[in-house]
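> The following comprises the amino acid sequence and a computationally predicted model.
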Amino acid sequence: MKQYIPAAKTNRAKKMATAIFAASLVLFAVSGIKVIPYRSILQLFSFALMTAAIMVCVRYLFRSYCYRVEESDDGYDFLVLELSKSGAQTVCRLSMDALLAVERLTRELAAEKKAQKHLKIYNYCVDIAPKDVLLLTFADSAYMPGDDPICVKIQSDADFQAFLSSFVAKQ
């Protein structure tokens with residue numbers, strides 16, 4: 001079993017959540033001025049911004065991920081565990097036998113994958129829009145039946161990337 005727990009490299013999530021929360025408070029304060037028309041619309045936007053700030057906090061600040069490759073009955077499985085204060089929960093489990101490619105995500109590759117309409121891409125990065133993203137492409141597997149491949153975005157170091165790439169070389 002090998003695992004990797006990425007650490008957040010930027011504080012974009014904190015800055016974004018703070019900015020959205022501040023904008024929400026400003027809108028709510030402005031909506032209290034009686035001269036302003038359509039105050040309820042400002043309050044609605046304020047509520048929407050507050051919801052967005054909470055969503056950013058929950059997704060990027062209160063959770064992190066653990067990427068793990070462990071032995072199973074059929075060989076090896078790639079797991080993504082969502083770590084929070086309440087514990088760990090498996091959010092992704094794919095067979096390493098179905099691993100087709102391990103690639104660094106570039107703009108060209110992102111555009112190519114985006115052009116494939118039915119391709120499912122799951123983002124398990126700990127940062128908002130990180131610069132260094134690894135894209136794992138899995139074929140149809142017993143865990144996720146379907147016709148199209150499945151892509152998983154993760155953040156990892158060179159050692160874990162080499163470890164994952166060794167499974168592609170075996171096929």
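Great, that's in hand.
> Just the pLDDT at the residue lying farthest from the centre of the chain, thanks.
Most distant residue from the mean C-alpha position of the chain: V35, 43.4 Å away (Cα atoms, centre = their mean). According to the prediction, V35 has pLDDT 86.
> so who does L100 touch?
Neighbour list for L100: 137-139, 149, 168, 171 [criterion: Cβ atoms under 8 Å, 6 or more residues apart in numbering]. For the C-beta atoms, the positions are set from N, CA and C on the backbone; glycine is no exception.
> In terms of helices and strands, where is it?
Using DSSP states H and E, the element containing L100 is strand 99-104.
> where along this structure do the helices fall?
Assigned by DSSP state H, the helices in the chain fall at 12-30, 39-56, 107-115, 158-170.
> who wins for proximity to L79 among those?
When these are ranked by distance to L79, counting by Cβ to Cβ, first place goes to helix 158-170 at 12.4 Å.
> for the record, mean pLDDT for the closest one?
Regarding helix 158-170, the rounded mean pLDDT is 85.
> Specify the angle between it and strand 99-104 in degrees.
Here helix 158-170 points in a direction 150 degrees away from that of strand 99-104 (axes from the mean of the first three to the mean of the last three Cα atoms, to 10 degrees).
> What count of nearby residues applies to the nearest residue to K9 once chain neighbours are set aside?
Counting by Cβ to Cβ, 6 or more residues apart in numbering, the nearest residue to K9 once its immediate chain neighbours are dropped is D127, at 5.8 Å. The criterion is other Cβ atoms under 10 Å. On that basis, D127 has 18 neighbouring residues.
> can you check V80 too?
By the criterion of other Cβ under 10 Å, V80 has 19 neighbours.
> so it touches V152, yeah?
Yes: with contact defined as Cβ atoms under 8 Å, V80 counts as touching V152 (7.1 Å).
> Please enumerate the shared neighbours of those two.
With contacts taken as Cβ under 8 Å, 6+ apart, the residues that reach both V80 and V152 are 92, 124.
> how about low-confidence regions in the chain?
140-147, 169-171 (pLDDT under 70).
> repeat that for 50
Judged against pLDDT under 50, the chain has no low-scoring part.
> The residue nearest to K9 reaches V133, doesn't it?
No: if you go by Cβ under 8 Å, D127 and V133 don't touch, sitting 9.1 Å apart.
> Now do the shared contacts for those two.
Q155.
> ok now do the closest residue to A129 other than its chain neighbours, which residues does it touch?
In space, not counting the residues next to it along the chain, A129 is nearest to R12; the distance is 7.1 Å by Cβ to Cβ, 6+ apart. If you count contacts by Cβ under 8 Å, 6+ apart, R12 has them with 127-129.
> Can you give me the distance of R12 to T18?
When Cβ to Cβ, to the nearest Å is the yardstick, R12 and T18 sit 11 Å from each other.
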